[in-house]
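>>> Could you work out the structure for the sequence below:
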Amino acid sequence: MPWPFRLSVTVVAALGGISVSQFPEFAQQYRQRLGGGLDELRQVIADFDADAARNGLSRQEAMLTYGESAERFFRDRGMSVQSAINRLQRLEEQRENLKSVPPFARPFVVLRSPDRRIVSRAWGDFEPAVPVTFSGLAWGALGLIAGGGLAFLLGRLSRRMLGRRKAPAGVERRGD
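Here you go, the predicted structure:
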């Protein structure tokens, strides 16, 4: 195997390992932001429930009042509150899913149903970390194998597609 090919496979494998090893760290940072988002949503909904109770209404009655209002602003506000309640339920479910799986599997939970706002903010502040946990090292190894395997296969495929140049008879090829 020629040395440029081996070098390319090694570089791509290393980049794959480094990149993929960050999945658990991103999932951790996502999880931290998820917790903060849940705290804020719970407070907003608790304030809404308290306002409703001060006016002798349940949450459902307050939502119905918003929905039946002649004022568009109040109807829109009711839809915003309902959206916050639905988002809270989705995020609580995701948090439970993250808690129920081993750390190695958390990136899969995040990838399955990410909250766009949390992903966007986590990605904006994301700082790579040295993978010293089992999860980080395992994901790094997977990335190394996947990156190296992909580079190897693509290299082999391109060599086949381009065809090997034949060396003149009696001349030994270098690098093989």
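>>> Which parts of this protein are helices?
Secondary structure of the chain by DSSP state H: the helices cover 3-20, 23-54, 59-68, 72-100, 106-112, 116-125, 134-162.
>>> Check the offset of the second one from the chain's centre.
Centroid separation for helix 23-54 versus its chain: 18 Å, with C-alpha atoms, centre = their mean, to the nearest Å.
>>> What are the buried residues along it?
Neighbour counts over helix 23-54 (16 or more other C-beta atoms under 10 Å) mark 23-31, 33-34, 37-38, 41, 45, 48, 52 as buried. Using the backbone N, CA and C atoms, a C-beta is placed for each residue, glycine as well.
>>> now the third one
Buried positions in helix 59-68, judged by neighbour count with 16+ other C-beta under 10 Å: 62-63, 66.
>>> same thing with the fifth one?
Burial within helix 106-112, assessed by neighbour count using 16+ other C-beta under 10 Å, is assigned to 106-107, 109-110.
>>> Check those and tell me the two furthest apart.
Taking C-beta to C-beta as the measure, the buried residues of helix 106-112 span a maximum distance of 7.3 Å, between Pro107 and Val109.
>>> so what sits against both of those two?
Contact criterion C-beta atoms under 8 Å, 6 or more residues apart in numbering; residues shared by Pro107 and Val109: Ala27.
>>> sorry, back to before: any chance of the buried residues of helix 106-112 in CSV, plus pLDDT?
Output for those, formatted as CSV (pLDDT from 0 to 100):
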residue, pLDDT
Arg106, 94
Pro107, 93
Val109, 94
Val110, 95
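>>> Among the residues you listed, which one lies nearest to Gln89?
Val109 (16.2 Å).
>>> show me the contacts for that closest one.
Counting by C-beta under 8 Å, 6+ apart, Val109 makes contact with 27, 94, 97-98, 101.
>>> any idea how far Leu91 is from it?
12 Å (C-beta to C-beta, to the nearest Å).
>>> pLDDT weak spots in this structure?
For the chain, the stretches with pLDDT under 70 are 1, 132, 163-176.
>>> domains in it, as residue ranges please.
Following automatic domain parsing, the chain resolves into domains at 1-22+134-162, 30-127.
>>> deepest of those domains, which one?
Across the domains of the chain, averaging neighbours per residue (mean count of other C-beta atoms under 10 Å) puts domain 1-22+134-162 on top, at a mean of 16.
>>> Can you give me every residue that contacts Trp123?
With contacts defined as C-beta under 8 Å, 6+ apart, the neighbours of Trp123 are Phe26.
>>> can we see that at 10 Å?
Each residue near Trp123 by C-beta atoms under 10 Å, 6 or more residues apart in numbering is listed here: 26, 29-30.
>>> Let's have the residues you listed in JSON lines, adding distance to Leu153.
Output for these, formatted as JSON lines (distance: C-beta to C-beta, whole Å):
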{"residue": "Phe26", "distance to Leu153": "27"}
{"residue": "Gln29", "distance to Leu153": "32"}
{"residue": "Tyr30", "distance to Leu153": "31"}
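>>> I am finished for the moment; much appreciated.
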